[in-house]
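**Q** compute the structure for the input listed below.
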Amino acid sequence: MTGPSLRRRIAERYPGLRRLVSKIVLYVRIPYALVMDTKTWLRLPAARRRGLVFHPPNFLYKDDIGDSSAVVDVGCGYEADFSVHMINTYGADAIGIDPTEKHARPLRELEKKSNGKFKHKKWLISKESGKVTFYESIENESGSIDQEHINIRKGTSHAYEVESVNLNDLPSHLNLKEISILKLDIEGAEFDLFRELDSINLEPFRQLYIEFHHRSVKRYSKKDTLRVVRSIRDKGFKVFSLDDINFLCYH
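**A** Model (predicted):
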């Protein structure tokens, strides 16, 4: 029996072992992942007491989503796994926003399979509305508008112009008066995005789930993340994080 065949049979028979090995490999490659997972495990009871739901790998939201909810999944990636979860679990309508050219085809296929529940917009969310330059990473799933992002700085990329929409204009661009949850994974653009927003700009959003990238863009630090989080909290949101990277801001 060949080595790969044996490994495949073991993986099929013992899926838990496969997940454990994958986790160990991840922790060796990215030691901080162990810190994040440990924090998540320790904080999960407090999240549940608040009525919050955790969905792996790192999603957190308040359980007030229903079949009339509008979910906006920014930086959805080619799988749009957050959108798929919201559609399958709650029957919500989901809009995936992602400008990455290599993600367009699988997202179009997801649109077709969703029976109208998922729609893809090939936009980017940043502080500016209009055309901006986006750097698509060749080696990694995530690109960025920031050339200091580690995927761009240490990898290869190609650049092209994309349509950008700022947070103030987003609801009208989507013909929505209220957005039940806005998930933001915008690879460093989140720091400028919230810099000048006031309470009125955030009124349409019932929940904000934001991944911060102070570990990916070297000019930002955890202090910058906490500054943005405090600013959102001061505008009337409650705030909770399982891992100090992903923050849920909710009413």
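
**Q** surely residue 123 meets residue 164?
**A** Yes. Between residue 123 and residue 164 there is a contact under C-beta atoms under 8 Å: 6.8 Å. All C-beta spots, glycine's among them, are computed from the backbone N, C-alpha and C.

**Q** list the contacts for residue 90?
**A** By C-beta atoms under 8 Å, 6 or more residues apart in numbering, the contact set of residue 90 is 65-67, 69.

**Q** what's the farthest-apart pair in these?
**A** Distance extremes for the contacts of residue 90: the farthest pair is 65 and 67 at 8.8 Å, using C-beta to C-beta.

**Q** who does residue 124 bridge with?
**A** Note on residue 124: beta-bridge partners by DSSP bridges are residue 164.

**Q** rewinding a little: quick one, which of the contacts of residue 90 are buried?
**A** 65, 69 (16 or more other C-beta atoms under 10 Å).

**Q** secondary structure and distance to residue 110 added to the contacts of residue 90, as CSV?
**A** As requested, the contacts of residue 90 are exported to CSV (DSSP: H, G, I helix; E, B strand; the rest coil; distance: C-beta to C-beta, whole Å):
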residue, secondary structure, distance to residue 110
65, coil, 19
66, coil, 21
67, coil, 19
69, coil, 18
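
**Q** circling back to that earlier point, shared neighbours, residue 65 and residue 67?
**A** Common neighbours of residue 65 and residue 67, counting by C-beta under 8 Å, 6+ apart, are 90, 92.

**Q** mind telling me what element the residue nearest to residue 183 when sequence neighbours are not counted is part of?
**A** Closest residue to residue 183 apart from its sequence neighbours, by C-beta to C-beta, 6 or more residues apart in numbering: residue 209 at 4.6 Å. Applying DSSP states H and E as the criterion places residue 209 in strand 207-211.

**Q** now do the SS call for residue 249.
**A** strand (DSSP: H, G, I helix; E, B strand; the rest coil).

**Q** pretty sure residue 221 contacts residue 213?
**A** No. Using C-beta under 8 Å, residue 221 is not in contact with residue 213; the gap is 11.2 Å.

**Q** with neighbour numbers in mind, choose between the two.
**A** Neighbour totals were compared for residue 221 and residue 213, and residue 213 leads with 23 against 12 (other C-beta atoms under 10 Å).
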